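Asks: this one's sequence-less:
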Ligand SMILES: Cc1cc2nc3c(=O)[nH]c(=O)nc-3n(C[C@H](O)[C@H](O)[C@H](O)COP(=O)(O)OP(=O)(O)OC[C@H]3O[C@@H](n4cnc5c(N)ncnc54)[C@H](O)[C@@H]3O)c2cc1C
């Protein structure tokens, strides 16, 4: 007998086999033999991937519903949670998030188990030893996870396991958004807002499960060779990821639900102050490169914080203060909707993170990887050795700490691509995916396409190209941020710190930093490169016979908002030529 079950939007195909102690006939791994298994008590599994939290977790509720012994698990399979391409900081964030879950579950009488290896093999082994009644997980909507999840669904079907998949990594179900928009993702942000307006408010967070009723499974000693439990704080080194930098990072991001909820309280206070003073987006209005970061992006990316909780906390706060709903556009909830937008754009597009055969991406003739300049340019950018101190400070901060400000991301992404180096955004994306602690396939690729003018931005329009000298000066005139991350320049006077090549030899000696020896000469002349690139973009635009259908933001204001180009800033501060 087959049945289909939904948890918001779950599709499940599984034979009904969850009767306790039932004599169960199944096919074993060796296809030819049929063996009889007697399962005393099948377990109900919550498979953590993203969604590393206990609050507002519909998959957790689904796993607890059946009253079967509960087995929470995370599997290190070499790809889940972005572990295929991962730097030390994000791996540590992930380990801490798992440890925090384990700690919380222990207080509730259970623990988090983890395993290493191929997902299907591990679940099959658990099924052989304990029997699995239900397997629940939060949906990973991006196409990169589809093969993994399809193989698990097929396994569930074959083994008679009920499989429950819940949507809670996004505010709305991206598939529903596409369906509402006639089968295509909405092509502009305005269209996106219009579509989600039809769908109505996103669901509110779920209540806490009733833990007192939960019976935890004890899979030991049967599964001692397959499952492990966290006896001590797991380290990235335990999973083969090692630090690349020896110095202690100045800003240390801590992973886990407990920390995320604490930071949410702090963030709400920040937003509240702004609401009371009559403005939104304090982190955009007064970007602080040096202050303690208030971002929740890494917590959202790993699901330590529920996006629905974040969204509704902000909406409710605004209502308390102003008795009204927070406007979507240009507010923090608007930022969360950008996240939704990029997820939705990627759902049906497996080539979303590459230029070729990506229907929304322009084919731009970036410099070839075989060109002599290529490696020098790319390596200098990655290592923070371009000779442009603001760029170098950001790139070094990325490697050391794993999180950089949105406007800093815009700066270095523009510099690598259409602004200066004319290198494909795909290279930048790979570097960001490795080192960002909030690295998120859809969001990162979407932003890279936007900033490089490959998609979403005004068609090949270089008019708001960011200047690596003036942009930083505007936010940090004295260059304190540079001094923090590029210590070679810490004795340089503020007047020259953004352009050290302009310093006389005497000034360089006085600052104890000789340009070309202690700190590199700039690898490119920004003014000349930006003009060259602007002309290349113009030619491409004029020659384009069949532009991709999406390539336009709703209006100029949207571009400025997205790039954090504030109205109060003079335009020439950003224009490169
Ligand atoms: C080249 C480039 C790459 C990026 N890669 C990522 C990435 O891999 N992961 C990631 O979460 N963000 C990425 N961003 C978006 C943005 O820089 C970060 O989300 C932001 O810096 C987080 O800071 P915050 O939490 O203070 O943002 P807030 O302004 O407080 O916004 C709240 C939340 O909204 C979401 N958000 C904000 N801005 C954007 C945006 N432009 N696009 C999509 N979602 C957004 C984030 O989840 C963020 O935490 C990228 C931006 C650029 C220009």
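Replies: Looks like it arrived, so ask away. It should be emphasised that the depicted structure is a prediction, and the values quoted were computed from it without experimental measurement. Residues are numbered from 1 along each chain as shown.
Asks: who touches residue 478 in this structure?
Replies: Residue 478 makes contact with 494, 497, according to Cβ atoms under 8 Å, 6 or more residues apart in numbering. Just so you know, the C-beta spots here come from the backbone N, C-alpha and C atoms, and that holds for glycine as well.
Asks: now do residue 384
Replies: Applying Cβ under 8 Å, 6+ apart, we find residue 384 in contact with 391-396, 399, 485-486.
Asks: possible to save those residues as JSON lines with neighbour count?
Replies: Shown next, in JSON lines, are these (neighbours: other Cβ atoms under 10 Å):
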{"residue": "391", "neighbour count": "32"}
{"residue": "392", "neighbour count": "25"}
{"residue": "393", "neighbour count": "27"}
{"residue": "394", "neighbour count": "26"}
{"residue": "395", "neighbour count": "27"}
{"residue": "396", "neighbour count": "20"}
{"residue": "399", "neighbour count": "21"}
{"residue": "485", "neighbour count": "22"}
{"residue": "486", "neighbour count": "26"}
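Asks: Which of those residues fall in helices?
Replies: 391-396, 399, 485 (DSSP state H).
Asks: between these, which is closest to residue 76?
Replies: residue 399 (23.6 Å; Cβ to Cβ).
Asks: now that closest one, nearest residue through space, not along the chain?
Replies: Counting by Cβ to Cβ, 6 or more residues apart in numbering, residue 435 is the residue found nearest to residue 399 once chain neighbours are left out, at 5.7 Å.
Asks: My read is that that neighbour contacts residue 87, right?
Replies: Yes. Using Cβ atoms under 8 Å, residue 435 is in contact with residue 87, at 4.5 Å.
Asks: Now for those two: what residues contact both?
Replies: Residues touching both residue 435 and residue 87 (Cβ under 8 Å, 6+ apart) are 399, 402.
Asks: Can you check my assumption that residue 45 lies in a strand?
Replies: Yes. Applying DSSP: H, G, I helix; E, B strand; the rest coil, one finds residue 45 inside a strand.
Asks: which residues touch it?
Replies: Contacts of residue 45 (Cβ under 8 Å, 6+ apart): 63, 71-73, 123, 126, 132, 134-136.
Asks: Adding pLDDT and neighbour count, write the residues you listed out as a markdown table.
Replies: Formatted as a markdown table, those follow (pLDDT from 0 to 100; neighbours: other Cβ atoms under 10 Å):
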| residue | pLDDT | neighbour count |
| --- | --- | --- |
| 63 | 97 | 28 |
| 71 | 97 | 26 |
| 72 | 98 | 23 |
| 73 | 98 | 21 |
| 123 | 98 | 23 |
| 126 | 97 | 25 |
| 132 | 97 | 27 |
| 134 | 97 | 26 |
| 135 | 98 | 30 |
| 136 | 98 | 27 |
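Asks: Domain boundaries for this protein, per the record?
Replies: 34-168, 170-207+258-348, 373-564 (the TED database).
Asks: Out of these, which gets nearest to residue 359?
Replies: Nearest to residue 359, of all the domains of the chain, is domain 373-564, at 6.3 Å by Cβ to Cβ.
Asks: how close does residue 522 sit to the ligand?
Replies: 22 Å (Cβ to the nearest ligand atom, to the nearest Å).
Asks: I figured that residue was touching residue 390, is that so?
Replies: No. The pair residue 522 / residue 390 is not scored as a contact, 11.4 Å apart, by Cβ under 8 Å.
Asks: for this protein, what spans make up the strands?
Replies: 2-3, 14-15, 23-27, 34-38, 43-48, 70-76, 113-116, 132-138, 162-166, 228-229 (DSSP state E).
Asks: Mind listing residues that contact the last one?
Replies: The reference is to strand 228-229. The contact list for strand 228-229, computed with Cβ under 8 Å, 6+ apart, reads 102, 111-116.
Asks: Let's see that with 10 Å instead.
Replies: 76, 102, 105-106, 110-116, 219-220, 234 (Cβ atoms under 10 Å, 6 or more residues apart in numbering).
Asks: So what's the gap between it and the chain middle?
Replies: Computed by Cα atoms, centre = their mean, to the nearest Å, the chain-centroid distance of strand 228-229 equals 27 Å.
Asks: That strand pairs with which strands, and in what direction?
Replies: Each strand paired with strand 228-229, and its direction, by DSSP bridges: strand 113-116 (antiparallel).
Asks: Quick check: buried residues in the partner strand?
Replies: Residues of strand 113-116 classed as buried: 113-115 (neighbour count, 16 or more other Cβ atoms under 10 Å).
Asks: Phi and psi next, for the residue nearest to residue 499 when sequence neighbours are not counted.
Replies: Computed as Cβ to Cβ, 6+ apart, the closest residue to residue 499 that is not its neighbour in sequence is residue 469, at 5.9 Å. Here is the backbone geometry of residue 469 (degrees, to the nearest 10): phi -100, psi -60.
Asks: wait, what's in contact with residue 469?
Replies: Residue 469 sits next to 388-391, 498-499, 526-527, 573, 576 when contact means Cβ under 10 Å, 6+ apart.
Asks: and the ligand, which of these reach it?
Replies: Applying Cβ under 6 Å from any ligand atom, the subset of the contacts of residue 469 adjacent to the ligand is empty.
Asks: Please pick the buried ones from the residues you listed.
Replies: By neighbour count, with 16+ other Cβ under 10 Å, these hold 388-391, 498-499, 526, 576 as buried.
Asks: Farthest-apart pair in those, please.
Replies: Between any two of the buried ones among the contacts of residue 469, the greatest separation by Cβ to Cβ is 16.8 Å, found for 389 and 576.
Asks: show me where the stretch 51-200 of the chain has helices.
Replies: Assigned by DSSP state H, counting those that start in this stretch, the stretch 51-200 of the chain shows helices spanning 58-65, 88-107, 119-129, 146-159, 174-180, 189-199.
Asks: In the stretch 451-577 of the chain, what residue lies closest to the ligand?
Replies: residue 451 (5.2 Å; Cβ to the nearest ligand atom).
Asks: can you pull the pLDDT of that residue?
Replies: At residue 451, the model reports a pLDDT of 90.
Asks: Run through the residues that contact it.
Replies: Counting by Cβ under 10 Å, 6+ apart, residue 451 has contacts 409-419, 425, 428, 457, 466, 562-563.
Asks: Keep only those that also lie close to the ligand.
Replies: Restricting those to those within reach of the ligand (Cβ under 6 Å from any ligand atom) leaves 409-410, 413.
Asks: how about TSV for those, with distance to residue 277 added?
Replies: Formatted as TSV, these follow (distance: Cβ to Cβ, whole Å):
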residue	distance to residue 277
409	27
410	26
413	31
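Asks: Show me the contacts of residue 469 that map onto helices.
Replies: Judged by DSSP H, the subset of those located in helices is 389-391, 526-527.
Asks: Any chance of a markdown table for those, columns pLDDT?
Replies: Output for these, formatted as a markdown table (pLDDT from 0 to 100):
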| residue | pLDDT |
| --- | --- |
| 389 | 98 |
| 390 | 98 |
| 391 | 98 |
| 526 | 94 |
| 527 | 92 |
